[in-house]
Structures are given as C-alpha cells and as structure tokens.
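1. sequence? don't have it. structure:
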Ligand SMILES: Nc1ncnc2c1ncn2[C@@H]1O[C@H](COP(=O)(O)OP(=O)(O)O)[C@@H](O)[C@H]1O
Ligand SMILES: [Mg+2]
C-alpha cells in the first residue's frame, strides 16, 4: 500500500533519518540545500522532493560547474532580442523562466561564478527576472533546491561564495552521507539497481559481500556504473548470476571494512588525510598544516597507509 509519499517510499538505499528529513523538506516552504560527496544521490533526492510536491511546472536542473562562465548569465536569465551578436532573433527565456511553477535545481551551487551569485540572489529575493539586455523584469514563481559537494562555509571564508546567498538558499540543509557510511543499505541498493538494469539478474553472496566491503569513493554512481560495466562486459544475461569472479580486482582487494582497533584507526587516518587533501586540492604543505603534522610526517604517514 502506498502512503503519503509514494516516490520517497520507493527510494531505496537511504536510512530512516534521511528519509524523514526529506519528508520535512517536501513540506518546507523555503529553499533546500543538499550537501554531500559526488554520486551520493543529491539529484535523485531533489527530484523526489519536487515530485512529492506535485508541482505544475518542471524540474529544471542547472549544473553551475559545467556551464561555461561566459554563458551562465544568458542561460539562467535568458536574453531579449538583439542582446548580443549571435543571439536568437526573438530572444530566449532563461532556465529560471523555464522553471515557472516548478523547481529550479542549482547543482554544484558552490561553483557558481561569484559575479552571478548577486544576480541570482536578486531574483530569489524579488521573484523577478531580468533577461540580459532587458529593461523590464518579469515576475517568476518557482521553488529552488541547491546541491553542493563543497563546504560552502569555507568558500564564504575564502570569499568565493556570498554569505547572503548562502542564507537565502540554505534555509533547510540536508546532509546526504557517503555510501560507506550507510553500508547496511548497500544490499537493497544493489537489488534496486539490478532491477533497474535488468530484472532477471542475480548476484551470489560472495560477490555481494565484496561489494558491501568496498569503500565506494564515487558512491552510488560508482556502484551503478560498476554493475552496468560487469553486465555488459561479461554479457551477463537474464537469469544469470554475478559471481565473485566478475568483480574487478581493485574492488575485491579494495579497502575492507575495518574490524580491529588498529584497522579502524588506520581507516580514520586515511579518511581524514583524503578529506584534507581534497580540501586543499592536493597541496601537501597545507594539508599537513591543517592536520598538525610536518610535511615530512604527512608524506611518511601517507606511504605507510598506502595512499
Ligand atoms: N538511492 C538511490 N537509488 C537508486 N539510484 C540512485 C540512488 N542514489 C543515487 N542513485 C543513482 O546514482 C547516480 C548518482 O546520483 P546523483 O543523484 O546524480 O548523485 P549526486 O547528485 O549526489 O552526484 C545516478 O545515476 C542515480 O540514479
Ligand atoms: Mg550531481
């Protein structure tokens, strides 16, 4: 029997805590900000929130990191006729206008060029959009959901992200944990993904155990791509079973769930070093500084941990 949130109920692979936060987000009037590593399912969740709200308009995704900076303004706000050479004769509505009555999904919002951020804030405050080259604002009505894998508070400190925009979009923040922090759901997720790819395919226990033990740096995206790859490469067809031999070595021998105290401490060290390296774009001096190590000490530790 389907309850009040059928789309959310059919979403597998997430914990009850996250599920209830998503319910709150469906009812929440303000903007929702999803944060978490890449591939954890932020866009999937944004689409579920949009779907459960039963809006008339569409879900319009905008990837702020992949649209070239020179185009982002006209893509978002649209332009009037004759706004620039090469423009459509009659002008063009922007993605914001296309989200009318629906949801504008600002993906990788932390990568939005600084200069555009003030303009986006303006639109969100006034609910009016000015096309490039336009003199008259048009009223708009849409909901906004944002996603980021970056630490926006840190970007604010570095003057890369506007604090006022952060307060406007971050009304309700939802953290989507990485897959390795919700291992208990990997199994149901695998069944659900296999169902999506080919409902007849089975998986043997050993193979399942290997997949459950891996650390999945690319999260659900990596898991889904791997299953697809195995199925295509091995030409596993309906009625067949994925076995441990089908699982690539790097995943079989990948990091296992730490059990002893020593393993747990090592795993924690690895995790913290990886995080700090990512934050400082691989800069070892800054990473060492943050972790309270000398550069030498960091290099030695990385070698010991096999990083
Ligand atoms: N809970 C889930 N159930 C099924 N598929 C999922 C789930 N979470 C993520 N995916 C799949 O994983 C991939 C990455 O998800 P996506 O929402 O794009 O992640 P993110 O936006 O966090 O990078 C997509 O192909 C998506 O369909
Ligand atoms: Mg994404």
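-> Structure received. As the structure is a prediction and not an experimental result, all values here were calculated from the model. Ligands and ions are numbered 1, 2, ... in the order given.
2. near residue 179, how many other residues are there?
-> 25 (other Cβ atoms under 10 Å). From N, CA and C alone the C-beta is placed, and that goes for glycine too.
3. so it makes contact with residue 223?
-> Yes. Residue 179 lies in contact with residue 223 (Cβ atoms under 8 Å); the separation is 6.8 Å.
4. so what sits against both of these two?
-> Shared contacts of residue 179 and residue 223 (Cβ atoms under 8 Å, 6 or more residues apart in numbering): 186, 189, 216.
5. closest to ligand 1 out of those?
-> Among those, residue 189 lies closest to ligand 1 (Cβ to the nearest ligand atom), at 5.9 Å.
6. tell me which element that closest one falls in.
-> Secondary structure assignment for residue 189, by DSSP states H and E: helix 186-197.
7. that helix: how far from the chain's middle?
-> 19 Å (Cα atoms, centre = their mean, to the nearest Å).
8. partner strands of whichever helix or strand comes after it, with direction?
-> Counting by DSSP H and E, the next helix or strand C-terminal to helix 186-197 is strand 202-203. With DSSP bridges as the test, strand 202-203 is paired with strand 241-242 (parallel).
9. not counting its own residues, what contacts the strand it pairs with?
-> For strand 241-242, contacts defined as Cβ under 8 Å, 6+ apart pick out 201, 202, 203, 204, 207, 227, 230, 231, 234, 236.
10. kindly recompute the last result at 7 Å.
-> 201, 202, 203, 204, 207, 230, 236 (Cβ atoms under 7 Å, 6 or more residues apart in numbering).
11. of those residues, select the buried ones using a PyMOL command.
-> Buried members of the contacts of strand 241-242, defined by 16 or more other Cβ atoms under 10 Å, are picked up in PyMOL with:
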select buried, resi 201+203+207+230+236
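12. export the contacts of strand 241-242 to a markdown table and tack on distance to ligand 1 and pLDDT?
-> Shown next, in a markdown table, are these (distance: Cβ to the nearest ligand atom, whole Å; pLDDT from 0 to 100):
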| residue | distance to ligand 1 | pLDDT |
| --- | --- | --- |
| 201 | 16 | 88 |
| 202 | 18 | 89 |
| 203 | 16 | 93 |
| 204 | 22 | 92 |
| 207 | 19 | 93 |
| 230 | 16 | 91 |
| 236 | 19 | 75 |
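13. now residue 276: how far from ligand 1?
-> Taking Cβ to the nearest ligand atom, to the nearest Å as the measure, residue 276 falls 21 Å from ligand 1.
14. hmm, residue 289 and that residue touching each other?
-> No. Using Cβ atoms under 7 Å, residue 276 makes no contact with residue 289, being 9.3 Å away.
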